[in-house]
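Trainee: structural data only, the sequence is not supplied:
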């Protein structure tokens, strides 16, 4: 595996080359001579020692966090040196951490504009040495301190501090946490207007502080905001279009024209580091207007950050407005970032719409669906997901069936969708729904879900277990006895894991968080 140790081997990456303000992600080691660090005693930081692919992922995640602003994220030292002294910060990613104990990274608030090249540090050895997600979140967080931000905290209804680092809310694709809180274990991270450790009424407006106190503001708007004022033409089935929602009032306006009645598919996908929308910051909302500029429909799915329109439209001109949206976990304040529009157009297809509904009844999930089609349905595949991203088929039924119920494996929330397949092999997915955990009399196994070196399991009976990582890869398996048991995880990096416990009568699934120490 290729590992980068010198600047010549590093991927040379820039997020916004025209910007003079610069955040330099330094992966190749650095000799520190600074009065503010290590008591002024010079020391040398070792290279990060991670692969080019991991460096690129860290860069992409941090670049997306700072995408709204007129600032360049770079891995090129020459670019950093060319930036003005009062508009730059070096973030040293290093396993050299013994000189500053107890944290994953450190930075001085406001040091971005000090003009003396006081660096920030991210200690990769404390973040799971190969975990690009955790390293990237720490880079964005420490850079946030450098541009003037304090921590974002959480409070209860009586204004009592519950966590210095707001850990966010939600699971799956749209699970959210503030960059200046603890965003290690949520998919969607963003800038926030929320309280600091200094009091629940002490709100910190991240965006205003970043853009008004550091000598740079927002990036230049890329598209017209108004369908009445020069909207950008979308060529259906043509090249994709890239855009950025840079402020929480920014909207991007587009138009397209159909010469005949057609099925139109528009997909608007936020920037991410992989196909599962990992690292996306923008929760997309799309509004469709007709030729008279009257709103036809708003597309803003609750469980996904991307938007897909797949519908029959009559001949004519239409307008599309792209915006950042809130969801059940967060408002639209920090729903900012890059996106890509792809499109296709085709003749009218037999399956026009598939609608899925569901409910929890006693100890079962009951699903029902309706399919609007001119052609017989051959089969329906029922799919479920624990995180709303990765789906698995749990059953296949005939096209005549319109209901399905079963007793699911225990999860806090399960996501469902169905795939309808016609006799002519046309396949159309339904909407995605989520159902909460079914009622249970009690858990057979009591598990320590927040762990450091080991997972404790108190069992009423003998059992078997399987420990998987967040991607479903098996890491451990074994057996346990009635009573107290221990599963050793001290060699695993910090992050989220899934523990499955089962015997011949029952099964139980628990999400395990291994904390950073």
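Mentor: That came through fine. In this text the structure is predicted, and so the values were computed from the model without any measurement. Residues are numbered from 1 along each chain as shown.

Trainee: what about the residue nearest to residue 374 when sequence neighbours are not counted, neighbour count?
Mentor: Excluding the flanking residues, the one nearest residue 374 by CB to CB, 6 or more residues apart in numbering is residue 350, at 4.5 Å. Every C-beta, even on glycine, is put in place using the N, C-alpha and C of the backbone. Neighbourhood size, residue 350 [other CB atoms under 10 Å]: 15.

Trainee: I'd say residue 350 and residue 422 touch.
Mentor: Yes: the pair residue 350 / residue 422 is scored as a contact, 5.7 Å apart, by CB atoms under 8 Å.

Trainee: residue 465 is in contact with residue 477, correct?
Mentor: Yes: the criterion here is CB under 8 Å, and residue 477 meets it with residue 465 at 6.6 Å.

Trainee: more neighbours: which of those two?
Mentor: A direct count of neighbours by other CB under 10 Å for residue 477 and residue 465 places residue 465 higher, at 22 against 11.

Trainee: can I assume the more buried one sits in a helix?
Mentor: No: looking at residue 465 with DSSP: H, G, I helix; E, B strand; the rest coil, it is strand, so not inside a helix.

Trainee: burial count for the residue nearest to it when sequence neighbours are not counted?
Mentor: Excluding the flanking residues, the one nearest residue 465 by CB to CB, 6+ apart is residue 501, at 5.1 Å. Around residue 501 there are 23 other residues, counting by other CB under 10 Å.

Trainee: next, the contact list for residue 501, please.
Mentor: For residue 501, the contact set (CB atoms under 8 Å, 6 or more residues apart in numbering) comprises 444-445, 447, 457, 459, 463-465, 480, 507-510.

Trainee: try it again at 10 Å.
Mentor: Contact partners of residue 501, counting by CB atoms under 10 Å, 6 or more residues apart in numbering, are 410, 443-445, 447, 457, 459, 463-467, 480, 485, 507-510.

Trainee: what mean pLDDT does stretch 435-449 get?
Mentor: Averaging pLDDT along stretch 435-449 gives 69.

Trainee: can you check stretch 370-388 too?
Mentor: pLDDT averaged over stretch 370-388 gives 87.

Trainee: please apply the same query to stretch 162-175.
Mentor: Per-residue scores along stretch 162-175 average to 92.

Trainee: list the buried ones in that stretch?
Mentor: 165, 166, 167, 168, 170, 171, 172, 173, 174, 175 (16 or more other CB atoms under 10 Å).

Trainee: low-confidence ranges, the stretch 251-400 of the chain, go.
Mentor: Counting by pLDDT under 70, the stretch 251-400 of the chain contains low-confidence ranges at 347-349.

Trainee: is residue 208 part of a helix or strand, or is it coil?
Mentor: Following three-state DSSP, the label given to residue 208 is helix.

Trainee: and it, how far from residue 149?
Mentor: Going from residue 208 to residue 149 by CB to CB, to the nearest Å gives 11 Å.

Trainee: which of these two has more neighbours?
Mentor: Between residue 208 and residue 149, counted using other CB under 10 Å, the more crowded position is residue 149 (25 against 10).

Trainee: in space, what's closest to that one - neighbours in sequence excluded?
Mentor: Nearest non-adjacent residue to residue 149, counting by CB to CB, 6+ apart: residue 180, 5.1 Å away.

Trainee: now do the contacts for the one you found.
Mentor: Counting by CB under 10 Å, 6+ apart, residue 180 touches 140-141, 144-145, 149-153, 165-166, 189-192, 194, 196, 204, 206.

Trainee: cutoff 6 Å now
Mentor: By CB atoms under 6 Å, 6 or more residues apart in numbering, the contact list for residue 180 reads 144, 149, 151, 152.

Trainee: so which of the residues you listed wins on neighbours?
Mentor: residue 152 (29 neighbours).
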